[in-house]
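**Student:** Got a predicted model here, sequence first, then my questions.
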Amino acid sequence: MTGKVIVFGAHGKVGQNLIKLLGKPSSKYATTAIVRNNEQAQTVKSLSNGPEISTQQLTLDNTTVKELAGIIKGHSAVVLTVGSAGKNLLQVDLDGVVKTFEASVQAQVRRLVLISAIHVEDRDKVDSSPIRNYCIAKHYADRILQLEFSDKLDFTILKPGLLADDPATGKVKIVTNKDDSGSVTRADVAQAIVTVLEDSKTYGKSYNFVNGDTPIESAFD
């Protein structure tokens, strides 16, 4: 998939790591970064040392599905790594994300990668989480994508463990035991996004993962 990727949440920590990868001289992607304001736009643009990063300023809570569809149209893939840092979970982390699903369908862009959180599919894990409301928002966004958009979008849900700012390791572990957890670097999450972006074997799948011993390039099957 050589084409145009639009990244929602580009100014976040995972988003910035992703922009660095998409902005490498060897990158085959043209990238649109969604940011909230001009200051964020300048920061994101400065991360590329290859293809120029285009930016679009908006907030998901104040943008309609129709407006989002117009922005998404013409891209080949959508990446959602958004988060309100707990400030607007309902309107951004849940409804804003779901609006983007709807807009992607309207724009006829099937490929979508969603960043969620580890074990949010598990009710017991959600209920006992210290960030319960955040996990609830992620749980329902994932669930809506899986139940309502499985025939409309070629989606992959990546659910990383506790996010760390350490350097990339290049290796992860897919977590299948609900009692297993751990951390993963944001740089490795960004690499995971790039890895699955073109991998049709990951369509319709959801992955809990942390840092481990398997090279990222072969971990997501």
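**Tutor:** Here it is on my side, so go on.
**Student:** which regions of the protein lie under the pLDDT threshold?
**Tutor:** The chain contains residues with pLDDT under 70 at 1-2.
**Student:** any chance you could map the strands in it?
**Tutor:** Assigned strands in the chain, in chain order: 4-8, 30-35, 53-57, 77-80, 111-115, 154-160, 162-164, 171-174, 183-185, 205-211, 214-215 (criterion: DSSP state E).
**Student:** Using CSV, lay out those strands together with distance to residue 198 and mean neighbour count.
**Tutor:** Any C-beta I mention is one placed from the backbone N, CA and C, and that applies to glycine too. Formatted as CSV, those follow (distance: least, CB to CB, whole Å; neighbours: other CB atoms under 10 Å):
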stretch, distance to residue 198, mean neighbour count
strand 4-8, 11, 25
strand 30-35, 15, 24
strand 53-57, 20, 16
strand 77-80, 9, 26
strand 111-115, 9, 24
strand 154-160, 11, 23
strand 162-164, 24, 15
strand 171-174, 18, 19
strand 183-185, 21, 20
strand 205-211, 14, 20
strand 214-215, 16, 14
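**Student:** In CSV: those strands, plus distance to residue 143.
**Tutor:** Compiled in CSV, these are given as follows (distance: least, CB to CB, whole Å):
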stretch, distance to residue 143
strand 4-8, 19
strand 30-35, 23
strand 53-57, 28
strand 77-80, 15
strand 111-115, 12
strand 154-160, 10
strand 162-164, 22
strand 171-174, 20
strand 183-185, 22
strand 205-211, 10
strand 214-215, 27
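**Student:** Which residues belonging to stretch 61-80 are considered buried?
**Tutor:** Residues of stretch 61-80 classed as buried: 63, 65, 68, 69, 71, 72, 75, 76, 77, 78, 79, 80 (neighbour count, 16 or more other CB atoms under 10 Å).
**Student:** what's the closest of those residues to residue 167?
**Tutor:** The closest of the buried residues of stretch 61-80 to residue 167 turns out to be residue 79 (CB to CB; 21.8 Å).
**Student:** Touching, the closest one and residue 7? I think so.
**Tutor:** Yes. Contact between residue 79 and residue 7 holds when scored by CB atoms under 8 Å: they sit 4.7 Å apart.
**Student:** rewinding a little: out of the buried residues of stretch 61-80, which two sit at the greatest distance?
**Tutor:** Going by CB to CB, the pair spanning the buried residues of stretch 61-80 furthest: 63 and 76, at 21.0 Å.
**Student:** max-length helix in the chain?
**Tutor:** Taking DSSP state H as the criterion, the chain has its longest helix at helix 132-148.
**Student:** residues near the closest residue to residue 178 other than its chain neighbours, how many?
**Tutor:** Of all residues not flanking residue 178 in the chain, residue 122 sits nearest, at 5.2 Å (CB to CB, 6 or more residues apart in numbering). Neighbour count for residue 122, taken as other CB atoms under 10 Å: 16.
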